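[1] Return a 3D structure for these sequence lines:
(one chain, ligands or ions: 1)
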Amino acid sequence: MTNVVIFGAPGSGKGTQSEELINRYGFIHISTGDMLRADIMKGTELGKIAKEYIDEGKLVPDETIVGMIEHVIEQHKDTKGIIFDGFPRTVPQAESLCEMLDKHGTEVHLVLDLQVPTETLIERLLNRGKQSGRSDDNLETIQKRLKVYENQTAPLAEYYKKHGKHRAIKGTGTVEEIAQRLFEHIDSLDQ
Ligand code: AP5
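    The predicted structure follows:
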């Protein structure tokens, strides 16, 4: 089982590149953002809590996220690989993920960190907001999300560097060019 974390700021292309990896490797995709939005659409209790945080550009509490993801990993323990998109986002989440995978005799193999200049991130998210109507894709919330990323999530790169898993990837260029950079790292796991 190959476990890959797609890491990066809001708008860095985590969801877009996850699609490329699914197509090439047939891995399962776990996106905590997509899961939370599905709960919001369904109007569940979790969705109601999550909406308040998401609309404020804040992170949903770690316990909520870990509780949500635990059974999903359990369901996919026999799959050939998992792409984690938008999770983990804090060191406690990373530690929980490590424990959850360890129970199944596996681990995070790679953390692919998409690096994109801030002005490009903002431009991409404002464009997406116009088309998708995502409630957190407005300038004020984007700026809050970027701050939260810088303060709470970016430090996680150091954690994975210490564990030898982190790879910095240039996240600009065409979707295909970026995907090729990711493929090289994943393919190198087999060598
Ligand atoms: P989440 O849904 O994870 O959002 P995010 O991290 O802010 O990331 P985005 O989905 O906005 O961007 P992306 O990096 O996936 O980029 P994409 O491929 O879409 O989380 C939303 C919220 O949920 C959080 O703020 C938080 O409140 C909560 N949450 C989620 N997970 C959590 C967790 N673990 N803990 C706590 N809270 C959590 O691309 C963006 C745009 O750019 C698209 O329009 C795309 O078409 C375009 N694009 C992509 N690549 C390129 C390219 N190469 N060239 C040009 N355009 C491109």
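[2] The residue in the chain positioned nearest to the ligand sits in which helix or strand?
    With Cβ to the nearest ligand atom as the measure, residue 33 is the residue of the chain nearest to the ligand, at 1.9 Å. Using the backbone N, CA and C atoms, a C-beta is placed for each residue, glycine as well. Secondary structure assigned from DSSP states H and E places residue 33 in helix 32-42.
[3] elements contacting that helix?
    Contact here means 3 or more Cβ pairs under 8 Å, 6 or more residues apart in numbering; DSSP states H and E; on that basis helix 32-42 packs against helix 45-55, helix 62-75, strand 81-85.
[4] Out of the ones you listed, which gets nearest to residue 142?
    Judged by Cβ to Cβ, the one of the helices and strands packed on helix 32-42 that comes nearest to residue 142 is helix 45-55, at 12.3 Å.
[5] which residues are in contact with that closest one?
    Helix 45-55 is touched from outside by 36-41, 59-61, 64, 68, 135-136, 141, with contacts defined as Cβ atoms under 8 Å, 6 or more residues apart in numbering.
[6] In that helix, which residues are buried?
    For helix 45-55, burial by neighbour count (16 or more other Cβ atoms under 10 Å) applies to 46-47, 49-51, 53-54.
[7] Can you lay out those residues as CSV showing pLDDT and distance to residue 121?
    As requested, the buried residues of helix 45-55 are exported to CSV (pLDDT from 0 to 100; distance: Cβ to Cβ, whole Å):
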residue, pLDDT, distance to residue 121
46, 96, 27
47, 97, 26
49, 95, 26
50, 97, 22
51, 97, 23
53, 98, 20
54, 98, 17
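[8] if we take those residues, which one ends up nearest to residue 168?
    residue 54 (27.3 Å).
[9] ok, now how distant is the closest one from residue 134?
    According to Cβ to Cβ, to the nearest Å, residue 54 stands 9 Å off from residue 134.
[10] Can you report how many residues lie near residue 169?
    Residues within reach of residue 169, counting by other Cβ atoms under 10 Å, total 20.
[11] ok, stretch 158-176 near the ligand or not?
    Yes - applying Cβ under 6 Å from any ligand atom, one finds stretch 158-176 touching the ligand at 174-175.
[12] can you give me the end-to-end distance of that stretch?
    One end of stretch 158-176 to the other measures 28 Å (Cα to Cα, to the nearest Å).
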